[in-house]
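Student: Requesting a structural model of the entry that follows:
(one chain, ligands or ions: 3)
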Amino acid sequence: MQTKTRLSQETSTTLNITGYDFFKSCLVEYGKCDLFKDTEEWLLEDNPYRRTLRPHIFHHLDFSKPLTRNNLLTYNSLTANRTLLTVYESNFVFMPKHDFALKRQDFEKFYDPKLLTLGNIIRPWLERYIFSFLDTEISVTGNWNTAAVEEYFQEYIETVKNTENSQVMETIEGSKDPVHAAKTFLIQLAGDFLVESSAMSRNILGNYGSLQSELFKVVIDEYGYGVHQTKHSKLFEETLESVGLESTPHTYWQFYLTSSLMLNNYFNYICNDHSHFFRYLGAIFYAETTFIKFCELTAKTMRKIFGSTINNRYFTEHVHIDHHHSRMVLEKLIKPAISTYGEGIIPDIVRGFEEAKLISEIADQDFIDQVHWADNGLNYKALALPVYAKIQEGKINPKMQQFIEPRGELSVTHVHDGDELCYIESGVMKFVTGDDRYTILNAGEGTVIQHNRLHGAIIESEECVYNIYSIGDYQKCLS
Ligand SMILES: [Fe+2]
Ligand SMILES: [Fe+2]
Ligand SMILES: [Fe+2]
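Tutor: Numbering: from 1, shown residues only. Ligands and ions are numbered 1, 2, ... in the order given. Here you go, the predicted structure:
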């Protein structure tokens with residue numbers, strides 16, 4: 001009798017798998033996998049399983065309220081995006097190029113069922129956290145029918161055709177270090193291009209008639225018809241190698257900007273959750289169409305900067321093939337989908353198009369801001385002393401944390417939500433704003449750290465004592 005009572009009590013307790021507390025404890029547990037811990041290196045070559053997530057601070061972070069348009073590039077967002085991409089990619093096959101035996105343990109840990117289960121639990125919460133802002137930012141209204149959507153997309157094709165320049169390319173060419181800016185750009189693309197079309201391939205499983213076969217044709221192109229030398233990800237490997245960059249996936253994990261991760265995650269999000277299939281059709285139309293001009297302009301800029309050393313085949317191939325893909329998506333996927341499933345799917349298609357467009361624009365601006373940030377390293381260094389003087393004079397009184405670190409201690413790249421002042425009491429710090437881009441800070445020097453800008457640091461002396469002041473807005477401090 002007693003046993004029966006206990007059993008019925010147990011079964012009546014509902015397991016709250018959608019609650020925040022459960023998500024949070026699974027996230028902390030996920031972060032315990034040693035593949036994700038801090039590293040002492042900036043680059044991680046040929047080991048796609050290790051991706052630093054700075055998990056030791058997971059338990060301090062609050063993911064309970066979704067991001068908004070105004071806080072998309074915060075520390076929490078960077079963490080959520082790094083983690084979500086890791087979760088998505090745990091169902092892609094990754095193999096190192098060399099020394100598998102040495103990396104076998106990492107391989108097994110990355111695909112461990114417990115880690116995969118935790119990943120699946122935290123995924124929907126992270127998706128909501130990152131992408132809910134799209135619901136408020138984009139509203140698809142009005143009476144859409146097939147003719148209207150076709151007209152709208154034809155107009156976009158014309159807009160792309162008539163585009164003659166790109167702010168991103170102008171920023172790269174106008175940078176104080178165009179080679180670095182161009183490489184930083186290629187690094188942003190590498191997160192997605194080295195696994196190109198893996199996200200979309202999630203849509204080729206199942207059974208949905210002739211649309212499925214039409215989509216498969218696009219995928220076949222992306223995979224170079226099974227000829228490895230022409231697979232698009234392979235073409236991009238050659239582009240990277242031609243300018244002296246590593247071509248193994250996620251070597252530059254620490255140098256992906258928040259928005260680059262977000263854009264990559266967005267396509268995984270709508271391809272992984274098949275209730276978003278119609279959104280995906282709009283998003284892929286945006287991607288294939290935009291890519292025609294994007295690749296043309298990128299190839300031009302890369303040629304200008306690297307001369308004939310760069311292997312631009314990736315870009316030139318896309319100028320050609322994406323003319324076809326854009327048309328195939330509109331004629332063979334979108335229009336037939338509407339006639340099969342009804343005009344009720346149009347708002348989803350338009351939403352996907354607008355969402356992909358908005359996130360791409362956010363990523364462009366984030367990249368432009370990061371180039372300016374890295375270019376102005378010495379200016380931000382020069383600003384440190386006037387801000388420090390204000391603190392010394394007691395004119396401002398910001399919160400301060402002191403750190404004492406030994407030689408070689410590496411602070412994994414991150415961002416801050418407000419401006420900070422880093423001031424070196426003793427020793428030497430290499431303050432890093434990009435791959436192989438840094439400012440040396442000696443005792444009595446420092447730098448202003450602009451909010452949302454990616455940076456890291458490494459100690460270059462036996463010991464370094466430095467203070468971090470949370471100054472909020474450096475311009476206000478100086479006014
Ligand atoms: Fe492609
Ligand atoms: Fe394509
Ligand atoms: Fe920092």
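Student: Stretch 262-275 near ligand 1 anywhere?
Tutor: No: under the criterion of CB under 5 Å from the ion, ligand 1 is not reached by stretch 262-275; the shortest gap measures 12.4 Å. Placement of C-beta: from N, CA and C, glycine included.
Student: hang on, residue 40 packs against residue 411?
Tutor: No: in this structure, residue 40 is not within contact of residue 411 by CB atoms under 8 Å, at 10.7 Å.
Student: More neighbours: the two, which one.
Tutor: Per other CB atoms under 10 Å, whichever of residue 40 and residue 411 has more neighbours is residue 411, with 17 against 9.
Student: Can you tell me the SS state at that one?
Tutor: strand (DSSP: H, G, I helix; E, B strand; the rest coil).
Student: Count the residues that sit near residue 397.
Tutor: 9.
Student: ugh, wrong one, I meant residue 377
Tutor: Considering only other CB under 10 Å, residue 377 is surrounded by 20 other residues.
Student: and it, what is it in contact with?
Tutor: 431, 433, 437-439, 447 (CB atoms under 8 Å, 6 or more residues apart in numbering).
Student: nearest spatial neighbour of residue 58, skipping sequence neighbours?
Tutor: Excluding its sequence neighbours, the residue lying closest to residue 58 (CB to CB, 6 or more residues apart in numbering) is residue 31, at 4.5 Å.
Student: Please disregard the earlier target; I meant residue 127.
Tutor: Closest to residue 127 by CB to CB, 6+ apart is residue 269, at 5.4 Å.
Student: wait, the residue nearest to residue 58 sits on residue 53?
Tutor: Yes: contact status for residue 31 versus residue 53: in contact at 6.2 Å, counting by CB under 8 Å.
Student: more crowded one of those two?
Tutor: More crowded of residue 31 and residue 53, by other CB under 10 Å: residue 53, with 24 against 21.
Student: And for the residue lying closest to the more buried one once chain neighbours are set aside, the neighbour number?
Tutor: Setting aside the residues directly before and after it, residue 53 is nearest to residue 36 in space (CB to CB, 6+ apart), at 4.2 Å. For residue 36, the neighbour count with other CB under 10 Å is 23.
Student: Could you measure from residue 56 over to residue 140?
Tutor: Using CB to CB, to the nearest Å, one gets 42 Å for the distance from residue 56 to residue 140.
Student: The two: which is more packed in?
Tutor: Legend: neighbour count by other CB under 10 Å for residue 56 and residue 140, higher for residue 140 (15 against 12).
Student: Need the nearest residue in space to the more buried one, chain neighbours excluded.
Tutor: With CB to CB, 6+ apart, the residue lying closest to residue 140 is residue 347, at 4.4 Å.
Student: And the helix or strand where residue 22 lies, how far out from the chain middle?
Tutor: Residue 22 is located in helix 20-30, with elements delineated by DSSP states H and E. How far helix 20-30 lies from its chain's middle: 22 Å, per CA atoms, centre = their mean, to the nearest Å.
Student: got it, and stretch 247-256?
Tutor: Centroid separation for stretch 247-256 versus its chain: 11 Å, with CA atoms, centre = their mean.
Student: Just the endpoints, please. Distance across that stretch?
Tutor: Length of stretch 247-256, first residue to last, CA to CA, to the nearest Å: 15 Å.
Student: again, but for stretch 299-313
Tutor: 9 Å.
Student: who's in contact with it?
Tutor: In contact with stretch 299-313 (CB under 8 Å, 6+ apart) are residues 169, 172-173, 178-179, 182, 235, 238-239, 241-243, 315-316, 319.
Student: need the strands for the protein, in chain order.
Tutor: 399-406, 410-414, 419-426, 429-434, 437-441, 446-449, 455-459, 463-472 (DSSP state E).
Student: how about these in JSON lines, adding mean pLDDT?
Tutor: Converted to JSON lines, the strands of the chain look like this (pLDDT from 0 to 100):
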{"stretch": "strand 399-406", "mean pLDDT": "98"}
{"stretch": "strand 410-414", "mean pLDDT": "98"}
{"stretch": "strand 419-426", "mean pLDDT": "98"}
{"stretch": "strand 429-434", "mean pLDDT": "98"}
{"stretch": "strand 437-441", "mean pLDDT": "98"}
{"stretch": "strand 446-449", "mean pLDDT": "98"}
{"stretch": "strand 455-459", "mean pLDDT": "98"}
{"stretch": "strand 463-472", "mean pLDDT": "98"}
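Student: Compute the number of surrounding residues for residue 166.
Tutor: 17.
Student: What residue, apart from its backbone neighbours, is nearest it spatially?
Tutor: That would be residue 297: by CB to CB, 6+ apart, it lies 4.8 Å from residue 166.
Student: Look up how far residue 320 lies from that neighbour.
Tutor: 15 Å.
Student: neighbour-wise, which of those two wins?
Tutor: residue 297 (19 against 10).
Student: I'd assumed residue 169 was in contact with the more buried one.
Tutor: Yes: here residue 297 reaches residue 169: they are 5.1 Å apart, a contact under CB under 8 Å.
Student: picking that back up, between the contacts of stretch 299-313, which is closest to ligand 2?
Tutor: Nearest to ligand 2 among the contacts of stretch 299-313: residue 319, at 10.6 Å, using CB to the ion.
Student: Give me the common contacts of residue 31 and residue 53.
Tutor: With CB under 8 Å, 6+ apart as the test, residue 31 and residue 53 both reach residue 83.
Student: before we move on, back to that, point out the most buried one among the strands of the chain.
Tutor: With neighbours defined as mean count of other CB atoms under 10 Å, these peak in mean count at strand 446-449, which reaches a mean of 26.
Student: returning to what we had before: dihedrals phi and psi, the residue nearest to residue 58?
Tutor: phi -70, psi -10 (degrees, to the nearest 10).
Student: quick one, what contacts residue 264?
Tutor: Contacts of residue 264 by CB under 8 Å, 6+ apart are 85, 191-192, 199.
Student: and the chain, which of its residues are near ligand 1?
Tutor: Those residues of the chain that sit near ligand 1, judged by CB under 5 Å from the ion, are 222, 232.
Student: ok and the residue in the stretch 151-300 of the chain nearest ligand 2?
Tutor: residue 288 (5.0 Å).
Student: Which residue comes closest to that residue once chain neighbours are left out?
Tutor: Per CB to CB, 6+ apart, closest to residue 288 is residue 325, 4.0 Å.
Student: neighbours around that neighbour, how many?
Tutor: For residue 325, using other CB under 10 Å, the count is 21.
Student: Test my guess that it contacts residue 285.
Tutor: No: counting by CB under 8 Å, residue 325 does not reach residue 285; the two are 9.1 Å apart.
Student: For residue 389, grab the count of nearby residues.
Tutor: 11.
Student: What of residue 442?
Tutor: Residues near residue 442, counting by other CB under 10 Å, number 14.
Student: Tell me the spacing between it and residue 474.
Tutor: In terms of CB to CB, residue 442 sits 21 Å off from residue 474.
Student: hmm, back to that, of the strands of the chain, which is nearest ligand 2?
Tutor: That would be strand 429-434 among those, by CB to the ion, at 28.7 Å.
Student: Give me the contact list for the closest one.
Tutor: 42, 180, 184, 255, 370, 373-374, 377, 413, 422, 438-441, 447, 453-460, 464, 466.
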